[in-house]
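In: coords please:
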Amino acid sequence: MLLLIEQSLNGLQFGLLLFLLAAGLTLVFGIMDLVNLAHGSLYMMGAYFAATFITWTDSFVLGAVLALGAAFLLGVAIELVAVRTLYARDHLDHVLATFGLLLFFNELVRLVWGPAGRTIQLPGILNTSVELLPGLSYPTYRLVVILVGGLVAFGLYWLVARTRTGMRIRAGASDREMVGALGIDIRKLYTLVFGLGAVLAALAGIMAAPITTVSIGMGERILIVAFVVIVIGGIGSIRGAFVAALMVGMIDTVGRAFLPEILRGFMSVPAANTLAPALASMLVYILMALILFLRPQGLFPARSG
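Out: I've put the predicted structure just below:
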């Protein structure tokens, strides 16, 4: 039971990281109709910015804040220089151009930071454990990730659903021509949305960095799962991205924890340990196929999200 609780918390933490990445992706696609393969690069750049600023300031919090600011400026620059020219083009051009951006950022990181991976050391207060139940200690930092992810999810919902800016974002997703006719600068709105998406991706990278190694291409692996999340949840839906991210996080994490033990009853230990991670990943894609069969628009289509 304790192992199940621990792995469920791990699944929640992974799901919230996925949500941060998927939320920015679904905002950009749902509002700007842009397929952005470079979104994972913003996740990676957030982690590298954090590694640099934390080293310079000797403060984890200050370094993370500066990294988020740098990510926003980077997102705005990308939108102004490269993405803005793609709006009138079809999705194939989006894919080709943003894939080029992905390759560009991988080589930029190699040039600036070098090919070797980096690690981010946590401050002492976060590098501890909290006893949640007798016999169950859980890392403090992972609890902080869950808390921050939950707060950001609530804040993003409030921004989109309860504010004037959110009203404009939703209107831009529904009818961009009408928004422009009402006197709203749709170009500035797109720049804001892309910058917000960059901040969300960077935040996910910053929070994941102390848990994993900061390395070139780290965003590409998780980007595939993020696309699965927005397909399951419904493209353009923040609520759908949140629910789907938690589902995917739980299935992947709990599956990797318990499938080896189940498979050991039918096969050798090495074979079970090899097969279990692959099956856990397959479960996520099986879930996506099932959702697409039952609800082709996803769990929460954008018009209801």
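
In: quick one: mean pLDDT for stretch 117-137?
Out: The predicted model assigns stretch 117-137 a mean pLDDT of 86.

In: residue boundaries of the helices in this structure?
Out: 2-32, 39-57, 60-81, 91-112, 140-162, 164-174, 176-181, 186-208, 218-233, 238-263, 269-294 (DSSP state H).

In: make CSV out of those helices and add mean pLDDT, mean neighbour count and distance to Phe300.
Out: The way it works is simple: take the backbone N, C-alpha and C, and place the C-beta from them, glycine included. Formatted as CSV, the helices of the chain follow (pLDDT from 0 to 100; neighbours: other C-beta atoms under 10 Å; distance: least, C-beta to C-beta, whole Å):
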stretch, mean pLDDT, mean neighbour count, distance to Phe300
helix 2-32, 88, 23, 11
helix 39-57, 94, 24, 20
helix 60-81, 94, 18, 25
helix 91-112, 93, 15, 22
helix 140-162, 89, 16, 12
helix 164-174, 69, 17, 14
helix 176-181, 66, 13, 22
helix 186-208, 90, 24, 18
helix 218-233, 90, 22, 6
helix 238-263, 88, 21, 4
helix 269-294, 86, 14, 11
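
In: ok, which of those comes nearest Leu133?
Out: helix 2-32 (6.8 Å; C-beta to C-beta).

In: on that earlier part again, and of the helices of the chain, who's closest to Arg118?
Out: Using C-beta to C-beta, these put helix 39-57 closest to Arg118, at 4.8 Å.

In: elements contacting that closest one?
Out: Judged by 3 or more C-beta pairs under 8 Å, 6 or more residues apart in numbering; DSSP states H and E, helix 39-57 is in contact with helix 2-32, helix 60-81, helix 91-112, helix 186-208, helix 218-233.

In: quick one on the thing from earlier: can you redo the helices of the chain as CSV with distance to Val130?
Out: Below are these laid out as CSV (distance: least, C-beta to C-beta, whole Å):
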stretch, distance to Val130
helix 2-32, 11
helix 39-57, 23
helix 60-81, 18
helix 91-112, 34
helix 140-162, 5
helix 164-174, 35
helix 176-181, 47
helix 186-208, 17
helix 218-233, 26
helix 238-263, 19
helix 269-294, 27
